[in-house]
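Asker: fold the following for me, if possible:
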Amino acid sequence: MKTIIHTDDAPKAVGPYSQAVRTGNLLFTAGQVALNPATGKMVEGDIAAQAEQVMKNLHAVLTAAGTSFDHVVKTTVFLVDMADYGGLNEVYGRYIGNNPPARSAFAVRGLPLGAKVEIEMVAEIPEAS
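Answerer: Here you go, the predicted model:
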């Protein structure tokens, strides 16, 4: 069974997709870019500023589903410029902690709304949820 996850604490979808979908004890998030959910506008600034907003958005989606960064098992990162890899890692590492999930990172030609970074996650949902 598939359950759609939605929270007003993360940006609304900018297309025909859900913020996240739960099936069984797994959560699959949509890719998040640096949209501020309060304004609906892209956060301006360098990769650190955008990555910070992306991680806040993902935190909101994970929380709405009853899970957290501690339960993330796979992350996929899309970067417009691989020169931003180090700056992304500084922010990402603060959120992910000491037991990081598996991760892939790709350079892409472009991202929605002019974003510098997009991140999607797969997480376990603890049985109590």
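Asker: next helix or strand past the lengthiest helix in the chain?
Answerer: In the chain, with assignment by DSSP state H, the single longest helix is helix 47-64. As assigned by DSSP states H and E, the chain's next helix or strand after helix 47-64 is strand 72-79.
Asker: neighbours around Ser68, how many?
Answerer: 16 (other C-beta atoms under 10 Å). For the C-beta atoms, the positions are set from N, CA and C on the backbone; glycine is no exception.
Asker: would you list the phi and psi of it?
Answerer: phi -160, psi 180 (degrees, to the nearest 10).
Asker: surely it is in contact with Leu62?
Answerer: Yes: contact criterion C-beta atoms under 8 Å: Ser68 and Leu62 qualify, at 5.6 Å.
Asker: excluding chain neighbours, what is closest to Leu58?
Answerer: Gln32 (5.3 Å; C-beta to C-beta, 6 or more residues apart in numbering).
Asker: do I have it right that the one you found meets Val61?
Answerer: Yes: using C-beta under 8 Å, Gln32 makes contact with Val61 at a distance of 7.2 Å.
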